[in-house]
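# heads up, no residue letters with this:
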């Protein structure tokens, strides 16, 4: 029963406490935790926007290439698409820092 009490008070987020853990809500600074969460959510939203904008740019490039050389485009589309999207993905994934591998 002690383990469950520790889990309930120290690990489990509670909806009535704005999804904070009781130990953080009552012994910590809930306003700071909520502000930190809000900042993380805003950063995640911006990261998703950048990702999808880059994806749209890749698709625009592929559409432009299809008009220039349709035969080459259709044969190399999967390879080119994977190359362009995976390099963007690799760039964003390195510890969340803007680092190109």
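Looks like it arrived, so ask away. It should be emphasised that the depicted structure is a prediction, and the values quoted were computed from it without experimental measurement. Residues are numbered from 1 along each chain as shown.

# rest of the way, CA atoms for contacts and neighbours
Will do.

# Count the neighbours of residue 46 for me.
11 (other C-alpha atoms under 10 Å).

# how about it, secondary structure?
What DSSP: H, G, I helix; E, B strand; the rest coil gives for residue 46 is helix.

# That one and residue 52, how far apart?
Look at residue 46 and residue 52: by C-alpha to C-alpha, to the nearest Å, they are 10 Å apart.

# shared neighbours of those two, anything?
Counting by C-alpha atoms under 8 Å, 6 or more residues apart in numbering, no residue touches both residue 46 and residue 52.

# For this protein, which helix or strand comes out least confident on mean pLDDT?
The helix or strand of the chain with the lowest confidence, counting by mean pLDDT, DSSP states H and E, is helix 70-93 at a mean of 57.

# And the helix or strand harbouring residue 57, what's buried?
Assigned by DSSP states H and E, residue 57 belongs to helix 30-68. Across helix 30-68, burial judged by 16 or more other C-alpha atoms under 10 Å covers 30, 51, 54, 55, 58, 62.

# for the protein, which spans come out with low pLDDT?
For the chain, the stretches flagged by pLDDT under 70 are 65-101.

# what about 90?
Counting by pLDDT under 90, the chain has low-confidence residues at 1-2, 5-11, 13-16, 18-21, 23-25, 27-28, 48-101.

# Tell me how far residue 6 lies from residue 26.
Applying C-alpha to C-alpha to residue 6 and residue 26 gives a distance of 15 Å.

# again, but for residue 2
19 Å.

# ditto for residue 8
Distance of residue 8 to residue 26, computed by C-alpha to C-alpha: 14 Å.

# out of the two, which sits in the busier spot?
Neighbour count, other C-alpha under 10 Å: between residue 8 and residue 26, residue 8 has more, with 15 against 11.

# what about the more buried one, which helix or strand?
helix 2-10.

# Contacts for the next helix or strand after that helix, please.
Sequence-wise, the next helix or strand downstream of helix 2-10 (DSSP H and E) is helix 22-27. Applying C-alpha under 8 Å, 6+ apart, the contact partners of helix 22-27 are 9, 10, 13, 14, 17, 30.

# And helix 22-27, what's buried?
Buried residues in helix 22-27, counted by 16+ other C-alpha under 10 Å: 22, 23, 24, 25.
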